[in-house]
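Asks: fold the following.
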Amino acid sequence: MAHDDRTLATLPAEAIALSHRQTLLLERSDAETVLRIVGADGAVSLTVSVTAAGPVLRFEGAAVTIQTSGALVLDAERVAIHGREAVAISSGGDLSLAATLGSVAVEAHDDLNLNGERIRLNC
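Replies: Numbering: from 1, shown residues only. Purely as a prediction, here's the structure:
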């Protein structure tokens, strides 16, 4: 392979046509490499930034669904979930909330409702 004296910052962006009139854009710089999926209307639906700190995924659009037929595991030093309007967690079976170390804090600036057939405390 021939040696290329250009730096990443001087490489042109690449565009690859995808199905449904979408485009994959690849942009490189010395700081990061960015992949974007752009719709026919010019709206970006997915951005993957490859940085020195690791990859960053950004989904944009009215709704995003992550679906699997098996388990979905999120494993990190910290996990934060924020809904600008609401957060709902539901299960078709059991739901458990546990802290192996430390405490569990529940805070509400309005009513806190616990509804169940039996509410068992300290059992």
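Asks: what score does residue 63 have for pLDDT?
Replies: Note on residue 63: pLDDT of 88.
Asks: and for it, the neighbour number?
Replies: 5 (other Cβ atoms under 10 Å). All C-beta atoms are positioned from the backbone trio N, CA, C, and that covers glycine.
Asks: what of residue 109?
Replies: When counting by other Cβ under 10 Å, one arrives at 5 neighbours for residue 109.
Asks: pLDDT weak spots in the chain?
Replies: For the chain, the stretches flagged by pLDDT under 70 are 1-10.
Asks: would you map the helices across it?
Replies: With DSSP state H as the definition, the chain shows no helices.
Asks: send me stretch 29-36 as PDB with only the CA atoms.
Replies: Provided in PDB are the C-alpha atoms of stretch 29-36 (Å, rounded to 0.1, in the frame of the first residue of the first chain):
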ATOM      1  CA  SER A  29     -10.300  14.600  11.400                       C
ATOM      2  CA  ASP A  30      -7.300  14.300  13.700                       C
ATOM      3  CA  ALA A  31      -9.600  14.500  16.700                       C
ATOM      4  CA  GLU A  32     -12.300  12.000  15.600                       C
ATOM      5  CA  THR A  33     -13.900  10.000  12.900                       C
ATOM      6  CA  VAL A  34     -17.600  10.600  12.400                       C
ATOM      7  CA  LEU A  35     -20.200   8.400  10.600                       C
ATOM      8  CA  ARG A  36     -23.600   9.800  10.000                       C
END
